[in-house]
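In: following is a predicted model, sequence given first.
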Protein chains: 2
Amino acid sequence: MASIKDVAAEAGVSVATVSRVLNDHPSVSAEARARVLAAVEALGYRPNAVARSLRTDQTHTLGLVISDVMNPYFTELARSVEEEARALGYSVIIGNADERPDLQDHHVRNLLDRRIDGLLVSPTDGGSPLMLDAARAGTPMVFVDRWIPGVDVPVVRADGRGAVRDLVAHLHGLGHRRLAIIAGPAATTTGRERVEAFREALGAHGLELPDAYIGQGDFQAESGRRVTEGFLDLPEPPEVVFAADNLMALGALDAVRARGLRVPDDLALAAFDDIRWFVHTDPPVTAIAQPTGELGRAAVRALVDRIEGRAGESVTLPARLVVRRSCGEPPASPEPSPVTNRSQS
Amino acid sequence: MASIKDVAAEAGVSVATVSRVLNDHPSVSAEARARVLAAVEALGYRPNAVARSLRTDQTHTLGLVISDVMNPYFTELARSVEEEARALGYSVIIGNADERPDLQDHHVRNLLDRRIDGLLVSPTDGGSPLMLDAARAGTPMVFVDRWIPGVDVPVVRADGRGAVRDLVAHLHGLGHRRLAIIAGPAATTTGRERVEAFREALGAHGLELPDAYIGQGDFQAESGRRVTEGFLDLPEPPEVVFAADNLMALGALDAVRARGLRVPDDLALAAFDDIRWFVHTDPPVTAIAQPTGELGRAAVRALVDRIEGRAGESVTLPARLVVRRSCGEPPASPEPSPVTNRSQS
DNA sequence: CACGTCGATGTAATCGATTCCACGAGGATC
DNA sequence: GATCCTCGTGGAATCGATTACATCGACGTG
């Protein structure tokens, strides 16, 4: 592959001049510029990003470590992150932690070794020494969706409290009184917060959240299935389960189906995170929708701000309830199909 | 961030010795090794992958350019690719082409500029000059899922012919005679092949595939919706539509639902690509399942073989039909829920 | 005892870019 | 006509690693 030296030789100038042309530095004669450009064209030259990064100490790359690529919520997040980053002149390297702290550390280390300019993380746990060190060492960093308390890093996330209140009011209005939750890992903020928001909202209606109605999941489908089976085996099973993410809701559907039961007649279901398939499941699933695309874009903007020496503030956006039929009684009017929402959201 | 010089100074040795310890070169005394390791520990030193890559001309990185991250099929592919690559000591940088040739080129160029060791591509089109040049220039490359004819690059893919024949036999057995297809872009191999396989299978039953029953989609949901609406507006609408991927099947569901019609009574539906949500849609969707995880792993193995100077052959694996209820008449026994299949597939 | 071998180590070249500094030519200013 | 800029350019240092080559001491052998 041709290097800058080859171009310089071909154009009959020095490498310095070639470099100036490529970075359009002002003081290059029109003639030299033309010769260099011709040589670049002739040789099919492309600058070596590795060498450039070594010299400039910038990679124009962001690292994104997400909890689980197979989760459509994170997939959409990743997509919007890449889109916004590209618009701002950055590339993105994605690391998939699969909800495993060891894998998360692997990817953080790998990204740091590659000298990415900044790191976007949705932490799987309470924060490994590695990540805390990186934050303290001044690596530009932003948390997205989940965060680690006590670390001085901006957080971009959705606030689900209002939507959870709306959900509980909806459920209460439908006559449900025994409400259970499939929680996420207590080591994650979203794992804890969603339970707390749910408990609080129940309290506002004079309802309790007994321990038996808190199932410990891990944001993966299999745990949703296991927890739901536990609920169904209870002497007094809940009337509703609220899954703290969409994959655990999928697991819950599996469990209900495996017993030959029906949603919502035998057990109602609601989920945190709205995904397109929920419109077409049997029955369509009532869910709390996050402004996923907005979150991804805001996170990138905050991170790039930090990288380029500007402020880079935390952002919190509201989530909202989308009522469908999985908790009983269909909504007033059928919702318009979301197929075309793709690039908007 | 500490560099190798700092470590050398701290340990009281030369940078060469530090490098030898780090790459465990044999001729280093136990004492020097211990001192270097202590210094590395003390400084929290991590080698700069950028500098290393520049010198060794290897990045230990694979590029993966996929057609659409939001498509669960490609998400799963990406996941298995990353997994296998990690097992072989490589990282993966994913580029999402979103079915757009210009974006695909953007990512290929970006990956090439970063001097990735090899490229895994699922081409969105018939092959841009850029990609053809890269292949010709000897960049280690493997096509996965889709490929470009006439280019000397190994292909790892699933063969759907057998499964499509099974599907058509199934449909014919249910009494369906007017069968339509939502095709993918003719510029892609999978777009063309699936139509051909379908036409062939129909022929075996003495059925034709009239032009009116071939809808031109682009592998995205919106096109599935549009094409399905066209079918429904026909004087003689088809009894079944076969969507060439899962997103267009989603769009078809949207279209049917928007008209207040029912699957399979008013229109039966089948899809290429099986995804977990198809078990829980209303009704569960009959689909052709690819061995996605295997494809991803085989593709990585082939690519790494090429990179490391071994052969790296093409691989074709069979797809299989999974019958559910979206074409009529439930299957004999309810299929076991696939929740636990995650790490197997 | 001299010499060859081997193991451990350091010096310096190198990868491909960017960028500071020096230099020469040409033009403006007094 | 001397001085001083300005502009275009090239030389060379630099980023942080790897590695060929040189060196040096210790040791084995004839």
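Out: All right, it came through fine.
In: so how far is A:Pro264 from A:Arg136?
Out: Distance of A:Arg136 to A:Pro264, given as Cβ to Cβ, to the nearest Å: 49 Å. C-betas here are computed from N, CA, C, even on glycine.
In: neighbour-wise, which of those two wins?
Out: Shown here are A:Arg136 and A:Pro264; by other Cβ atoms under 10 Å in any protein chain shown, A:Pro264 has more neighbours (21 against 11).
In: for the more buried one, which three-state class applies?
Out: coil (DSSP: H, G, I helix; E, B strand; the rest coil).
In: ok, it - contacts?
Out: Applying Cβ atoms under 8 Å, 6 or more residues apart in numbering or on different chains to A:Pro264 gives the contacts A:240, A:283, A:325-328.
In: recalculate using a threshold of 6 Å.
Out: A:Pro264 makes contact with A:326-328, according to Cβ atoms under 6 Å, 6 or more residues apart in numbering or on different chains.
In: residue boundaries of the helices in chain A?
Out: Ranges of helices within chain A are A:4-11, A:15-22, A:30-43, A:49-56, A:72-87, A:101-113, A:129-136, A:161-173, A:189-204, A:221-233, A:246-258, A:292-307, based on DSSP state H.
In: and the second one, average pLDDT?
Out: Averaged over helix A:15-22, pLDDT sits at 96.
In: export that helix to CSV, keeping only CA atoms.
Out: These are the backbone C-alpha positions of helix A:15-22, laid out as CSV (Å, rounded to 0.1, in the frame of the first residue of the first chain):
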residue,chain,number,x,y,z
VAL,A,15,6.4,14.6,2.4
ALA,A,16,5.8,17.8,4.4
THR,A,17,4.1,19.3,1.3
VAL,A,18,2.0,16.2,0.7
SER,A,19,0.9,16.3,4.3
ARG,A,20,0.0,20.0,4.0
VAL,A,21,-2.1,19.4,0.9
LEU,A,22,-3.9,16.6,2.6
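In: in it, what's buried?
Out: A:17-22 (16 or more other Cβ atoms under 10 Å in any protein chain shown).
In: how about those in a markdown table, adding distance to B:Glu31?
Out: Output for the buried residues of helix A:15-22, formatted as a markdown table (distance: Cβ to Cβ, whole Å):
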| residue | distance to B:Glu31 |
| --- | --- |
| A:Thr17 | 50 |
| A:Val18 | 47 |
| A:Ser19 | 45 |
| A:Arg20 | 49 |
| A:Val21 | 52 |
| A:Leu22 | 48 |
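In: which of these lies closest to B:Met131?
Out: Set against B:Met131, the nearest of those by Cβ to Cβ is A:Leu22 (23.6 Å).
In: which one is that closest one nearest to, not counting chain neighbours?
Out: Excluding its sequence neighbours, the residue lying closest to A:Leu22 (Cβ to Cβ, 6 or more residues apart in numbering or on different chains) is A:Pro47, at 6.3 Å.
In: check contacts around the closest residue to DNA strand C within the stretch 101-250 of chain A.
Out: Nearest residue of the stretch 101-250 of chain A to DNA strand C: A:Arg115, at 12.9 Å (Cβ to the nearest atom of the strand). Shown in contact with A:Arg115 (Cβ under 6 Å, 6+ apart): A:59, B:50.
In: state the distance from it to A:Tyr90.
Out: Counting by Cβ to Cβ - A:Arg115 and A:Tyr90 are separated by 13 Å.
In: give the residues shared as contacts by these two.
Out: Contacts common to A:Arg115 and A:Tyr90, judged by Cβ under 6 Å, 6+ apart, are absent.
In: got the domain ranges for chain A?
Out: A:4-47, A:59-155+A:292-313, A:161-289+A:321-341 (automatic domain parsing).
In: JSON lines for the ones you listed, including distance to B:Ala289?
Out: What follows is these, written out as JSON lines (distance: least, Cβ to Cβ, whole Å):
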{"stretch": "domain A:4-47", "distance to B:Ala289": "40"}
{"stretch": "domain A:59-155+A:292-313", "distance to B:Ala289": "16"}
{"stretch": "domain A:161-289+A:321-341", "distance to B:Ala289": "17"}
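In: which of those sits closest to B:Arg276?
Out: Proximity to B:Arg276 (Cβ to Cβ) singles out domain A:161-289+A:321-341 among the domains of chain A, at 6.6 Å.
In: mean confidence for that closest one?
Out: 92.
In: ditto for stretch A:60-67
Out: With pLDDT averaged residue by residue, stretch A:60-67 scores 97.
In: what sits against whatever residue of chain A ends up closest to chain B?
Out: Scanning chain A for the residue nearest chain B gives A:Asp282, at 3.6 Å (criterion: Cβ to the nearest Cβ). A:Asp282 makes contacts with B:Asp282, as judged by Cβ under 6 Å, 6+ apart.
In: ok, it to DNA strand C distance?
Out: 56 Å (Cβ to the nearest atom of the strand, to the nearest Å).
In: quickly note the distance from that residue to DNA strand D.
Out: On the measure of Cβ to the nearest atom of the strand, A:Asp282 and DNA strand D end up 56 Å apart.
In: and the gap between A:Val279 and B:His280?
Out: 12 Å.
In: for A:Val164, same thing?
Out: The value you get for A:Val164 to B:His280, if Cβ to Cβ is used, is 24 Å.
In: what of A:Val156?
Out: Computed as Cβ to Cβ, the A:Val156 to B:His280 distance reads 31 Å.
In: more crowded one of these two?
Out: Higher neighbour count among A:Val156 and B:His280: A:Val156, with 27 against 24, using other Cβ under 10 Å.
In: what's the closest non-adjacent residue to A:Pro101?
Out: What sits nearest to A:Pro101 in space, not counting adjacent residues and going by Cβ to Cβ, 6+ apart, is A:Asp125, at 4.4 Å.
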